[in-house]
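S.K.: No letters, just coordinates:
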């Protein structure tokens, strides 16, 4: 997968269909990789034991895309760009990059928030 799947996307894996709840970075073979938090479809969340992880390699196909509006498009464009920058980095390098980008996003958010209050 060359992009992050949207929340709400239903995918086909070897062991059935799953609903994507979100994406997270984790280490795989010493490199930063995307993993998806998912629940079985159509049942959905039925307690903590129903939660699982999928790697992009587990996903055989997309059954239905998750809902997308302008806010989601903007978020996933930034997330996909970050994923592209992280490709091939070690887990430690990726963490440093994500931490600095998160700090920049938070600073911009809080600056905007305080400007609106003035």
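M.R.: Done, it's in. On a predicted model such as this, the values are computed, not experimentally measured, just so you know.

S.K.: what about the closest residue to residue 58 other than its chain neighbours, neighbour count?
M.R.: Ranked by CB to CB, 6 or more residues apart in numbering and with sequence neighbours excluded, the top spatial neighbour of residue 58 is residue 13, at 4.8 Å. Where C-beta positions appear, they are placed from N, C-alpha and C, glycine not excepted. Counted with other CB atoms under 10 Å, residues neighbouring residue 13 total 18.

S.K.: so residue 13 sits right up against residue 63, yeah?
M.R.: No. Judged on CB atoms under 8 Å, residue 13 makes no contact with residue 63 at a distance of 10.4 Å.

S.K.: the helices in the chain, which residues?
M.R.: Counting by DSSP state H, one finds helices in the chain at the ranges 70-86, 91-117.

S.K.: Low-confidence regions, this protein specifically.
M.R.: When residues are selected by pLDDT under 70, those of the chain lie in 1-2, 91, 101, 105-106, 108-118.

S.K.: max-length strand in it?
M.R.: strand 16-28 (DSSP state E).

S.K.: Okay, buried residues for that one please.
M.R.: Using 16 or more other CB atoms under 10 Å as the test for burial, strand 16-28 gives 17, 18, 19, 20, 21, 23, 25.

S.K.: quick one, what contacts the fifth one?
M.R.: With contacts defined as CB atoms under 8 Å, 6 or more residues apart in numbering, the neighbours of residue 21 are 7, 36, 37, 38, 39, 45, 51.

S.K.: Please report how far it lies from residue 29.
M.R.: 24 Å (CB to CB, to the nearest Å).

S.K.: same question, the first one
M.R.: With distances taken as CB to CB, residue 17 is found 27 Å from residue 29.

S.K.: Tell me, how many residues neighbour residue 79?
M.R.: Counted with other CB under 10 Å, residue 79 comes out at 15.

S.K.: ok, the residue nearest to it when sequence neighbours are not counted - contacts?
M.R.: Residue nearest to residue 79 in three dimensions, not counting chain neighbours: residue 4, with 5.0 Å by CB to CB, 6+ apart. By CB under 8 Å, 6+ apart, residue 4 lies in contact with 23, 34, 76, 79, 80, 83.
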